[in-house]
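**Student:** fold the following, please.
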Amino acid sequence: MSVEEMKRAIHFLFAGNLLVGTIFLGACETMPQGIHQARIEMAQHIVTEPAGDYFIGRRYYKADFKFWGYIRRPGQPWSTAQLVMLNEKEKLAPDRERLEFGSDNNYEYKLYGSFSGQTVYEPASNGFYPEFVLKGYELISTNPGPIFRSQIQGRPTPTELRYTVEKPE
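**Tutor:** Okay, here's the model as predicted:
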């Protein structure tokens, strides 16, 4: 075999191994590039949130449940958020104010108020959740980045998620 033929054979083997490696690694990918980028951007946004006397809330509407959604402190990741029951004696929730219940599912808000220190029983989930006394809100986004596994791995059918209570990641 000539030197030129040897170079071609090595080049062919290298190209074949590269192709196989690319296919193998591509199959191992767990998150689509667009979603991965959106999560990076969300993390960068969270880090830049100014400290203050407010909370960040993500509406999490489920027709059979009475909780409002997840609330976290500014600058904290969604994994630290708490699923809450909303006390609306001082201020109605945005969807209730408009009489469009659940229309703001997955919207993100700046919330003003405080935790009362009480827990409230929610019968559909048979769980107890902290009570948040709402005093005001500002809409941040109607289309924020993904925080739930179902948003990252593709949309399960509504039946699959109807009675599942997801946690942000």
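**Student:** so which elements touch the helix or strand hosting Pro130?
**Tutor:** With secondary structure defined by DSSP states H and E, Pro130 is part of strand 127-141. Packing contacts for strand 127-141, counted by 3 or more Cβ pairs under 8 Å, 6 or more residues apart in numbering; DSSP states H and E, involve strand 55-59, strand 82-87, strand 108-122. Using the backbone N, CA and C atoms, a C-beta is placed for each residue, glycine as well.
**Student:** point out the most buried one among those.
**Tutor:** strand 55-59 (a mean of 22; mean count of other Cβ atoms under 10 Å).
**Student:** next secondary structure after it?
**Tutor:** By DSSP H and E, the next helix or strand past strand 55-59 is strand 69-72.
**Student:** each with direction, which strands does that following strand pair with?
**Tutor:** strand 55-59 (antiparallel), strand 82-87 (antiparallel) (DSSP bridges).
**Student:** same question for the longest one, mean pLDDT?
**Tutor:** To tie it back to what came earlier, the one meant is strand 82-87. Averaging pLDDT along strand 82-87 gives 96.
**Student:** same check on the shortest one?
**Tutor:** For strand 55-59, the mean pLDDT works out to 96.
**Student:** just the CA atoms of that strand, as PDB, please.
**Tutor:** Presented in PDB, the C-alpha positions along strand 55-59 are these (Å, rounded to 0.1, in the frame of the first residue of the first chain):
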ATOM      1  CA  PHE A  55     -41.700  37.900  44.900                       C
ATOM      2  CA  ILE A  56     -41.700  36.300  41.500                       C
ATOM      3  CA  GLY A  57     -44.700  34.200  40.800                       C
ATOM      4  CA  ARG A  58     -45.500  31.700  38.000                       C
ATOM      5  CA  ARG A  59     -49.200  30.900  37.600                       C
END
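**Student:** how big is the angle separating that strand from strand 127-141?
**Tutor:** Counting by axes from the mean of the first three to the mean of the last three Cα atoms, to 10 degrees, strand 55-59 points 100 degrees away from the direction of strand 127-141.
**Student:** name the surrounding residues that touch strand 55-59.
**Tutor:** 49, 68-74, 78, 81, 94-95, 104-113, 132, 137, 140, 144, 147, 168 (Cβ atoms under 8 Å, 6 or more residues apart in numbering).
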